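Q: Fold the stuff below for me.
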Amino acid sequence: MTHAILVADDHTIIRDGLRKILEDTDDLRVVAEAAHGSEVMEFVRSLELDLVILDMSMPGRNGLDLLKAIKIEKPKLPVLIFSMHPEEQYAVRAIRSGASGYLSKEDRKSTRLNSSHI
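A: Model (predicted):
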């Protein structure tokens, strides 16, 4: 079974890099990319997604607001926050708002996502 993922980040290079990493696995597929907050909600409403990878700093609407809106629309949809902000600054707020996890772009540890985490 292939898991459908939305990658939402305002930087093209980040979206491209995440897509390449995720598509190296057999069961994860990026089905949509969003560069603006309004696009995120359009995709959440119109696609059958298994995971959203969401940047905390999106133009048009910040990540926490988007996270809350996603959870209202689709409460069971997992959302992984992927942010440049330090974990200690936003992770607890993100988890309390419904995020399934928080990953800092500054994290140097090798992180591998596979379908068993979805």
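Q: Which residue ranges of the chain form strands?
A: Secondary structure of the chain by DSSP state E: the strands cover 3-8, 28-34, 51-54, 79-83, 101-104.
Q: partner residues bridging the residue most central in space within the chain?
A: In the chain, the centroid-proximal residue (C-alpha atoms, centre = their mean) is Ile53; its distance is 1.1 Å. Residues in a beta bridge with Ile53, per DSSP bridges, are Val7, Leu80.
Q: Which positions in stretch 28-47 come out as buried?
A: Residues of stretch 28-47 classed as buried by neighbour count (16 or more other C-beta atoms under 10 Å): 28, 30, 32-35, 37, 39-41, 43-44. All C-beta atoms are positioned from the backbone trio N, CA, C, and that covers glycine.
Q: Looks like Val30 contacts Ile5 (just checking).
A: Yes: the criterion here is C-beta atoms under 8 Å, and Val30 meets it with Ile5 at 5.1 Å.
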